[in-house]
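Visitor: Please work out how this folds:
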Amino acid sequence: MEGIRHSHFAFRNSDTRISIPHHPHRFLSTTLLRSIALGTLCIIGSFALGIETTKEHLDTALRADVSQADGPVGDVNGDGTVDIKDVILILEFEQGLTTPTTDQRKLADVDHDGRITVQDALRDARIIALR
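Guide: The predicted model follows:
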């Protein structure tokens, strides 16, 4: 189309491009573009901050859960540390491959819901990752 130019915008580290027709009599002001960019940055920043804040609360809750137990929560094999061997034991209990003792049943129920599930193994793995 004659007389119509396009303004191209590209995002850093991305293949995404935006092409906006630029009509001779209608144009996007730099103030409008700055407002759009600032609004986008605010939304992204708020989202990232929310994720980080949630992660901090989860980490604190997991650490409190570990410290409140008589022994380390998730230490199913009783060797004094929560490690991958404990995660494997929890998965074996959950699948019925191994029968837990009464003490092991308490220690394997990491999320305290009264059942030994994959969620307990995942939570145990999360405890390991926090160290």
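Visitor: what residues does stretch 100-119 touch?
Guide: 65, 71, 73-76, 78, 89-91, 93-94, 120-121, 123-124, 127 (Cβ atoms under 8 Å, 6 or more residues apart in numbering). (C-beta placed from N, C-alpha, C; glycine too.)
Visitor: for residue 80, helix, strand, or coil?
Guide: coil (DSSP: H, G, I helix; E, B strand; the rest coil).
Visitor: neighbours around it, how many?
Guide: By the criterion of other Cβ atoms under 10 Å, residue 80 has 9 neighbours.
Visitor: what do you get for the one 3 residues further on?
Guide: Counted with other Cβ under 10 Å, the neighbours of residue 83 add up to 17.
Visitor: What of residue 124?
Guide: Residue 124, neighbours per other Cβ under 10 Å, totals 28.
Visitor: mind checking how far residue 119 is from residue 131?
Guide: 20 Å (Cβ to Cβ, to the nearest Å).
Visitor: Just want to know which of these two has more residues nearby.
Guide: Using other Cβ under 10 Å as the criterion, residue 119 and residue 131 rank with residue 119 on top: 15 against 9.
Visitor: For that one, pull up the helix or strand it's in.
Guide: helix 118-130 (DSSP states H and E).
Visitor: what's the answer for residue 103, then?
Guide: Using DSSP H and E, the element containing residue 103 is helix 102-108.
Visitor: buried stuff in that helix?
Guide: 104, 107-108 (16 or more other Cβ atoms under 10 Å).
Visitor: that older thread, of the contacts of stretch 100-119, just the buried ones, ChimeraX syntax please.
Guide: Filtering the contacts of stretch 100-119 down to the buried ones (16+ other Cβ under 10 Å) takes a single ChimeraX command:
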select :65,73,74,75,76,89,90,91,93,94,120,121,123,124,127
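Visitor: Any stretches of this structure with poor pLDDT?
Guide: 1-71 (pLDDT under 70).
Visitor: Can you give me the domain assignment for it?
Guide: Following automatic domain parsing, one gets these domains for the chain: 5-68, 84-130.
Visitor: what's the burial count for residue 122?
Guide: If we define neighbours as other Cβ under 10 Å, then residue 122 has 15 of them.
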